[in-house]
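In: What shape does this take:
(one chain, ligands or ions: 1)
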Amino acid sequence: MELRSSFGFLAFHGGSLEEETDTIAVAAAARAGASLYTVLQPAELRWHIPSADIDPGASPALARFLDHVEVVVALHGYGRAGWWTKLLAGGSNRALAADVRRRVEAALPGYEVVDDLSAIPRALRGMHPDNPVNRPRCGGVQVELPPRVRGLGRYWNDHPEEARPTAALVTALGSVAQAWVSARDSEPSTSEVRPRSSGVPNGAPMKSVAPPSAMRPI
Ligand SMILES: [Zn+2]
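Out: The predicted model follows:
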């Protein structure tokens, strides 16, 4: 875990389970100065814990991470026949999902990011309120990555000379995080629009509002 900016990258099915999701999260977070939480599943434990069953109450580190960040991108891996070039952008923050689609599609010709929830298989939409991706104050985006975009799978046996898209994906995800943080920092915060002092109003003499005693009704 790394606590850096208020934008976080999550990969809790990393290691041997959804391979490379953790390394992509680490690289994107480092690039963007973003916070990071990864879980590396050991090779002998290929147990896919459903996202909604990952309980920050049972993991102090995850709880600290979710307290620290305001929004997250959670990276997962999936594989479905016919969907080898489709990334899925689910999760509760739909504006951020649209930004993921724009930036990743611009960086990865030949890949599509599906951010229309109705077009995403229900089990991969990431909309459960207990899913860690939806727990930060501004929610988050669940990005499901097919093997090919992670540089994995049979495709690469047949195309060994072709450059892997993983580095461009990392750059695009990092730019999503940087854009979100700078948009947030440019919004005036409540303390900046409020008068600096809660005491005497500017230039007003302390007692001028009180009438001289001679004018007081008796
Ligand atoms: Zn997963």
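In: Helices of the protein, start to end?
Out: 21-32, 60-68, 94-107, 155-158, 166-186, 190-193 (DSSP state H).
In: For the fourth one, list the C-alpha coordinates in PDB.
Out: Okay, so that is helix 155-158. Provided in PDB are the C-alpha atoms of helix 155-158 (Å, rounded to 0.1, in the frame of the first residue of the first chain):
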ATOM      1  CA  TYR A 155      -2.400 -13.800 -29.200                       C
ATOM      2  CA  TRP A 156       1.100 -12.900 -28.300                       C
ATOM      3  CA  ASN A 157       2.500 -16.300 -29.400                       C
ATOM      4  CA  ASP A 158       1.200 -15.500 -32.900                       C
END
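In: hmm, back to that, closest one to the ion among the helices of the chain?
Out: Nearest to the ion among these is helix 21-32 (7.3 Å), distances taken as CB to the ion. Any C-beta I mention is one placed from the backbone N, CA and C, and that applies to glycine too.
In: and the angle for that closest one with helix 166-186?
Out: Counting by axes from the mean of the first three to the mean of the last three CA atoms, to 10 degrees, helix 21-32 lies at 50 degrees to helix 166-186.
In: Which residues of the protein lie near the ion?
Out: 13, 18, 76 (CB under 5 Å from the ion).
In: Can you convert those into CSV and add a column each for neighbour count?
Out: Below are the residues of the chain next to the ion laid out as CSV (neighbours: other CB atoms under 10 Å):
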residue, neighbour count
H13, 24
E18, 22
H76, 23
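In: Take the residues you listed and keep only those in strands.
Out: 13, 76 (DSSP state E).
In: Tabulate the residues of the chain next to the ion (JSON lines), appending pLDDT and distance to A61.
Out: Listed next are the residues of the chain next to the ion as JSON lines, based on pLDDT from 0 to 100; distance: CB to CB, whole Å:
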{"residue": "H13", "pLDDT": "93", "distance to A61": "16"}
{"residue": "E18", "pLDDT": "94", "distance to A61": "19"}
{"residue": "H76", "pLDDT": "97", "distance to A61": "19"}
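In: Of the residues of the chain next to the ion, which is the nearest to A58?
Out: A58 lies nearest to H13 out of the residues of the chain next to the ion, by CB to CB, at 16.3 Å.
In: For the closest one, give its distance to S51.
Out: The gap separating H13 from S51 is 8 Å, by CB to CB, to the nearest Å.
In: between those two, what contacts are shared?
Out: Listed as contacting both H13 and S51 by CB atoms under 8 Å, 6 or more residues apart in numbering are H76.
In: can you tell me how far the residue most central in space within the chain sits from D115?
Out: Centrality entry for the chain: nearest residue to the mean C-alpha point is V72, 2.1 Å, by CA atoms, centre = their mean. Per CB to CB, V72 is found 16 Å from D115.
In: ends of stretch 50-59, how far apart?
Out: Stretch 50-59 has its terminal residues 15 Å apart, counting by CA to CA, to the nearest Å.
In: neighbouring contacts of that stretch?
Out: Stretch 50-59 has contacts (CB under 8 Å, 6+ apart) with 12, 62-63, 66, 74, 76, 126, 128, 130-133, 135, 142.
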